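**Student:** The following block contains a protein sequence and its predicted model.
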Amino acid sequence: MNVWFRSCPAWPLPCRASSAAGAAALRAASATALTPPAPPRPADAVVDHADCQSDQADRAPRKPVRVTILDSSHNPPNAAHMALLRTALQPTLARRTGDNYQDAVDAVLILLAVQNADKGRLADLDLAHRLAMMREVAIDTHEWLATNASATTTPLPSIAVATTDHALFKDKAADILSLLPPSAHLRWVLGEDTLLRIFDPKYYPTTSVAATMTAFFEATRSTFLWARRPALPVAANVDRDALELCRARWFVEDLVLDPDVALAIRDVSSTSVRDAVASGDWDAVERGTVPGVARYICEHGLYGAER
């Protein structure tokens, strides 16, 4: 796994330097061009992370580390992804010093698999563009956390952008866990389509879906956070018994979106953003992704955009 960007050098440990000022400094920092294979200079160089650096030496913290993972093709990142991630991080903002903070420290990972089982490996230029857009997602998330955290909220989660060569969740999880202390717990933020594909029996021709998924969750210390669209029935090609078993054992947890947010992102996808760019509908582009990503698409002429 390659880690390309960190909002804090101590990732996955908490970012004690996080603040609105720190978020602004992240945004203002000059960034080296994202040209694989050499990772770019971290954009956090102008933020004072002295306290965080001292934490970095402790590679086996007493508290478990809980990593919330947004794993997508990021082509481009879209507002639906951001809504899921923010909903998953709401409990972090609600926790206050002296309450439940002793149970874990939090981190965020924006992840891209550069190898696709069906489409092959991403070209270097495509990878560079996606990493740049993922960096915008990381900075936007950092700013959102800093803006919405109360004065008594614990240190904010560190955020990283990374790539993996693996396409399967079990291999991605092993890759991520190799960077983390033994206490780590992985929380995968998934849309409904992705989760239902995982529970499709056609991918398990010789094994039980329930047994395979239970073994995965236990071996990788993982949880799936699932945002379901209640108006739609569960697809017929899903092993419903296996899904309900995993929900009953808290391997799969429901993410409940704010109704207004759910309505706003109902028709948003990476495809809808690309189509809006190609048609020149920049209002739809700006509704469909974060400002930094929309700006990057425009500046680099992606998806048919005019420079």
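**Tutor:** Thanks, I have the structure now. Computed from a prediction, not measured in an experiment: that's the story for all the values here. Residues are numbered from 1 along each chain as shown.

**Student:** Just to check, residue 136 is in contact with residue 299?
**Tutor:** No. With contact defined as CB atoms under 8 Å, residue 136 does not reach residue 299; the gap is 11.3 Å. C-betas here are computed from N, CA, C, even on glycine.

**Student:** So these two - more neighbours on which side?
**Tutor:** Taking other CB atoms under 10 Å, residue 136 and residue 299 do not tie; residue 136 has more neighbours (23 against 11).

**Student:** Report the contact partners of the more buried one.
**Tutor:** Applying CB atoms under 8 Å, 6 or more residues apart in numbering, we find residue 136 in contact with 77, 290, 292, 293, 295, 296.

**Student:** Show the buried residues in those.
**Tutor:** 77, 290, 292, 293, 296 (16 or more other CB atoms under 10 Å).

**Student:** Inside strands: which ones of those?
**Tutor:** Among the buried ones among the contacts of residue 136, none falls in strands (DSSP state E).

**Student:** wait, which of those is closest to residue 112?
**Tutor:** Using CB to CB, residue 77 comes nearest to residue 112 of the buried ones among the contacts of residue 136, at 9.9 Å.

**Student:** how far away is the closest one from residue 208?
**Tutor:** 35 Å (CB to CB, to the nearest Å).

**Student:** try residue 65
**Tutor:** The value you get for residue 65 to residue 208, if CB to CB is used, is 31 Å.

**Student:** So between the two, which is more surrounded?
**Tutor:** Taking neighbours as other CB under 10 Å, residue 65 and residue 208 compare with residue 65 leading, 20 against 14.

**Student:** Farthest pair within the contacts of residue 136?
**Tutor:** Maximum distance among the contacts of residue 136 (CB to CB): 12.7 Å, for 77 and 295.

**Student:** What is the burial count for residue 202?
**Tutor:** Using other CB under 10 Å: residue 202 sits among 7 other residues.

**Student:** care to break this protein down by domain?
**Tutor:** The chain breaks down by automatic domain parsing into domains covering 2-266, 273-307.

**Student:** what's the span of the longest one, first residue to last?
**Tutor:** For domain 2-266, the first and last residues are 33 Å from each other (CA to CA, to the nearest Å).

**Student:** follow-up on the earlier one: using a markdown table, please lay out the domains of the chain together with mean pLDDT.
**Tutor:** Output for the domains of the chain, formatted as a markdown table (pLDDT from 0 to 100):
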| stretch | mean pLDDT |
| --- | --- |
| domain 2-266 | 80 |
| domain 273-307 | 93 |
